[in-house]
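J.: turn this into a model:
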Amino acid sequence: MSAIGNPPAADAESAAAIDRFLDRLWLERGLSRNTQASYRSDLSLLARWLASRAVPLVEAGEVDLREYLAARALSPRSQARLLSALRQFYRHLYAERQRADDPTARLDSPKAGLRLPKTLAETDVERLLDAPDIGTPLGVRDRAMLELMYACGLRVSELVGLPRTSVDLRSGVVQVLGKGGRERLVPMGEHAMDWMQRYLRESRPELADGRDAEGLFLTVRGKPMTRHNFWRLIKQYAARAGIRSALSPHTLRHAFATHLLEHGADLRSLQALLGHADLSTTQIYTHVARARLRDLHARHHPRG
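T.: Numbers count the residues shown, from 1 in each chain. Modelled structure (predicted):
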């Protein structure tokens, strides 16, 4: 991890301060469990390091935090994420008048290079969607999952976590529970609706085999599909479709966003469809779209 050694456990006072901070964040912002766990881990590691210097977490100064960040020797992106947790914690202490100052006020975030999300060309997406064997119940299920993920820009965790009541075929929308417990309604489009109708009519009853399964997408044993299993299927179908581009679990989500922008969608609408709490998160896709357009111009324009 770093050169900070193996410090002792954090004291009870520091642990209690972390609990109060996370409780307040959960009440005010509805942070996801993963984000809460990440913040707890970051702050607990700092508290242990400070304990080795006989400095309570709530009393750490700017110099302490600078030395800790230097000892961690993190990448710019990881350090920026850690700094975000520290800033929120010490601003919380300052707001609650548990400190007279904010020791993070003069800590600058490192400059991280822009990391563009991996995506696929529209022709690659079509080949990927066509890869499942739709002559089998599992193939119909997989085609429906791929179509829904691409049509709605869902996260993998959102897709596999959908309950069977989340899809409204009459209205053509799917109800999604996103990060931080935020709900959104996303239109499915005709192709995804057609495949969802077929899956619900033909494949799901066979996979459920009379069991009262709550999940929308089921395995051959009638259990809810898992993130790991679906990611394994995507890689298999990508290989079958001859797609050589590097994939990530959210490749179809990124393709959804990029293709919408390329066809004229605005950022605010895209933000709502993706379920981003902050528009700045959505703006990364403008860079993807511009890069794609420059590449198309270079390859196809006579003077490119």
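J.: helix/strand/coil for the closest residue to L57 other than its chain neighbours?
T.: Leaving out its chain neighbours, the residue that sits closest to L57 by CB to CB, 6 or more residues apart in numbering is S14, at 3.7 Å. (Glycine included, C-beta is placed from N, CA and C.) The local conformation at S14, judged by DSSP: H, G, I helix; E, B strand; the rest coil, is helix.
J.: how about S14, what does it touch?
T.: Neighbouring residues of S14 by CB atoms under 8 Å, 6 or more residues apart in numbering: 47, 50-51, 56-58.
J.: cool, and W26?
T.: Counting by CB under 8 Å, 6+ apart, W26 makes contact with Q36.
J.: same thing but 10 Å
T.: 32-33, 35-36, 180-181 (CB atoms under 10 Å, 6 or more residues apart in numbering).
J.: out of those, which are buried?
T.: Neighbour-count burial (16 or more other CB atoms under 10 Å) is assigned, among these, to 32, 35.
J.: what are the boundaries of the helices in the chain?
T.: In the chain, the helices defined using DSSP state H lie at 12-29, 33-51, 62-72, 76-95, 122-129, 137-152, 156-160, 190-198, 204-208, 227-240, 251-262, 267-274, 279-282, 284-300.
J.: weakest of those in terms of mean pLDDT?
T.: Note on those: helix 284-300 shows the lowest mean pLDDT, a mean of 65.
J.: leaving aside the residues adjacent along the chain, what's closest to L233?
T.: In space, and not counting its chain neighbours, L233 is closest to D142: 5.8 Å by CB to CB, 6+ apart.
J.: switch the helices of the chain over to CSV; also include distance to L169.
T.: Output for these, formatted as CSV (distance: least, CB to CB, whole Å):
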stretch, distance to L169
helix 12-29, 34
helix 33-51, 31
helix 62-72, 50
helix 76-95, 40
helix 122-129, 19
helix 137-152, 12
helix 156-160, 17
helix 190-198, 6
helix 204-208, 13
helix 227-240, 22
helix 251-262, 20
helix 267-274, 19
helix 279-282, 28
helix 284-300, 29
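J.: compare those and give me the one nearest V176.
T.: Closest approach to V176 among the helices of the chain is made by helix 156-160 (5.2 Å; CB to CB).
J.: elements contacting the closest one?
T.: If you count contacts as 3 or more CB pairs under 10 Å, 6 or more residues apart in numbering; DSSP states H and E, helix 156-160 packs onto helix 137-152, strand 173-177, helix 227-240, helix 251-262.
J.: and with 7 Å instead?
T.: Judged by 3 or more CB pairs under 7 Å, 6 or more residues apart in numbering; DSSP states H and E, helix 156-160 is in contact with helix 137-152, helix 227-240.
J.: name the residues that touch that helix?
T.: Outside helix 156-160, the residues that touch it by CB atoms under 7 Å, 6 or more residues apart in numbering are 145, 148-149, 176, 178, 217, 224-227, 230-231, 249-250.
J.: between those residues, which is nearest A277?
T.: Proximity of the contacts of helix 156-160 to A277 (CB to CB) peaks at G178, which lies at 8.9 Å.
J.: so how far is E202 from the closest one?
T.: The gap separating G178 from E202 is 29 Å, by CB to CB, to the nearest Å.
J.: comparing those two, which residue is more hemmed in?
T.: Per other CB atoms under 10 Å, whichever of G178 and E202 has more neighbours is G178, with 19 against 13.
J.: give the contact list for the more buried one.
T.: Applying CB under 7 Å, 6+ apart, the residues near G178 are 158, 184, 275.
J.: okay, now the domains of this protein?
T.: The record's domain parsing of the chain by automatic domain parsing lists 12-95, 122-300.
J.: closest one to D102 among the ones you listed?
T.: Among these, the nearest to D102 by CB to CB is domain 12-95 (4.7 Å).
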